[in-house]
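Q: let me see the structure of the following:
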Amino acid sequence: MGTSCLQVRRPGRVMARAGPLCRSAEGASSSPLLRPGFENSSLLTWPCGRRKIEPRVVGGKDSELGRWPWQVSLRRGKYHRCGASLLNRRWALTAAHCFLQHSDPSKWTAQIGELSSRPSSWKVWNFYHRYRVKDIIIYPQFGGTSLKDIALLKLSSSVTYNKYIQPICVLTSSSEFQNRTDCWVTGWGDIQEDQALRSPYVLQEVPVSIVDSSRCDYALQQPSFLSNDLNDMICAGSEDGSRDACKGDSGGPLACEKKGLWIQVGIVSWGSGCGRPNRPGVYTNVSRHFNWIRTLLARSGVHRPAPCLPLVLLPLLSPAFLLWLPDCT
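A: Modelled structure (predicted):
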């Protein structure tokens with residue numbers, strides 16, 4: 001990374017994070033879902049945003065399995081490249097810039113329900129929740145810059161939920177989260193600028209504050225760029241730079257809690273370096289793209305996974321072969 005240029009959070013890792021969880025519905029409704037306590041905004045799916053494993057320590061660096069059950073590791077080949085979040089059994093949300101150079105879905109897989117970005121290849125269980133990516137859908141107006149930096153991934157088969165795998169909530173509006181100081185960002189990115197996450201490559205978590213757009217614009221000193229569409233972005237971090245996302249966290253979720261549910265407010269997108277004072281990270285505003293997300297999910301439909309013969313044979317197969325089994329949906 002350079003030391004003074006704007007950077008997207010390219011395949012790498014996070015500087016600090018932590019998070020929420022949500023149980024996903026079987027699909028997206030054709031119209032937003034209204035829930036008690038959410039009178040000013042509506043949910044994409046339901047149930048969602050509830051985690052079954054509560055944190056023991058707040059503000060730590062290493063996470064615990066199940067704290068962020070919607071966290072996805074997007075992998076090209078054997079290695080983690082970007083983060084993502086699970087929306088329901090077949091769809092995940094991430095950043096469009098992750099696919100600028102590699103957009104062939106057959107080259108990507110999604111690892112869910114795993115704490116390490118490099119799980120042991122000798123444990124067959126680690127491959128039970130690794131899914132091939134069937135389609136990569138880039139937001140139509142994304143032009144390779146940091147604007148409209150959002151993409152949807154359709155998985156080749158339905159995800160099975162458990163206490164370590166759940167979907168996150170998405171709202172029609174995130175304006176109420178402005179100036180919140182208790183949101184979280186998670187990922188396997190760099191822990192400092194130019195310092196990669198070390199073995200055992202455990203998911204990182206960090207609490208961050210949401211920064212209002214005017215302060216964000218001033219802090220980044222890029223008014224000509226940000227003024228294109230401030231509402232499309234959210235800034236978050238800390239004034240001293242000690243809490244931030246970084247290279248490799250791209251595509252991961254920025255999440256805030258409301259009424260016991262965890263809501264995805266942003267997607268890790270870019271920043272001016274990592275962890276610099278008065279240089280907050282920049283995130284794609286998820287609610288701005290709510291209708292686009294809802295339309296695609298509603299068209300596709302989602303079905304509960306059905307048992308199939310290959311699942312019975314899984315323990316007898318080598319881990320490398322599991323990814324090439326036929327879909328069971």
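
Q: which one's the longest strand in this protein?
A: With DSSP state E setting the assignment, residue counts place strand 261-272 as the longest strand in the chain.

Q: tell me the helices and strands packed up against that one.
A: When contacts are defined as 3 or more C-beta pairs under 8 Å, 6 or more residues apart in numbering; DSSP states H and E, strand 261-272 sits against strand 6-8, strand 79-86, strand 91-94, strand 183-187, strand 233-237, strand 253-258, strand 281-285. No exception for glycine: its C-beta is placed from N, CA and C like everyone else's.

Q: in JSON lines: those, plus mean pLDDT.
A: Below are those laid out as JSON lines (pLDDT from 0 to 100):
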{"stretch": "strand 6-8", "mean pLDDT": "45"}
{"stretch": "strand 79-86", "mean pLDDT": "94"}
{"stretch": "strand 91-94", "mean pLDDT": "98"}
{"stretch": "strand 183-187", "mean pLDDT": "92"}
{"stretch": "strand 233-237", "mean pLDDT": "86"}
{"stretch": "strand 253-258", "mean pLDDT": "93"}
{"stretch": "strand 281-285", "mean pLDDT": "89"}
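
Q: quick check: which of the ones you listed is nearest to I136?
A: strand 91-94 (8.9 Å; C-beta to C-beta).

Q: so where does R294 fall, helix or strand?
A: Secondary structure from DSSP states H and E places R294 in helix 290-300.

Q: re earlier: give me the angle between the longest strand of the chain and strand 281-285.
A: For strand 261-272 against strand 281-285, the angle between stretch directions is 130 degrees (axes from the mean of the first three to the mean of the last three C-alpha atoms, to 10 degrees).

Q: quick one: the strands in the stretch 51-200 of the chain?
A: Listed in chain order, the strands found in the stretch 51-200 of the chain under DSSP state E, counting those that start in this stretch are 71-76, 79-86, 91-94, 108-112, 130-138, 151-155, 183-187.

Q: which parts of the stretch 101-250 of the chain are helices?
A: 213-220, 223-226 (DSSP state H, counting those that start in this stretch).

Q: out of the ones you listed, which gets the lowest mean score?
A: Comparing mean pLDDT over the helices of the stretch 101-250 of the chain, the weakest stretch is helix 223-226, at a mean of 47.

Q: and for the closest residue to G266 other than its chain neighbours, the neighbour number?
A: By the measure of C-beta to C-beta, 6 or more residues apart in numbering, the closest residue to G266 outside its immediate chain neighbours is Y283, 2.9 Å from it. With neighbours defined by other C-beta atoms under 10 Å, the count for Y283 comes to 30.

Q: now P140
A: With neighbours defined by other C-beta under 10 Å, the count for P140 comes to 8.

Q: now for this protein, the helix or strand with the poorest mean pLDDT.
A: Counting by mean pLDDT, DSSP states H and E, the weakest-scoring helix or strand in the chain turns out to be helix 309-313, with a mean of 37.

Q: show me where pLDDT drops low in the stretch 101-250 of the chain?
A: Flagging of the stretch 101-250 of the chain using pLDDT under 70 yields the residue ranges 120-126, 191-193, 195, 199, 218-230, 238-244.

Q: what pairs with I137 across the strands?
A: In this structure, I137 bridges to L152 when assessed by DSSP bridges.
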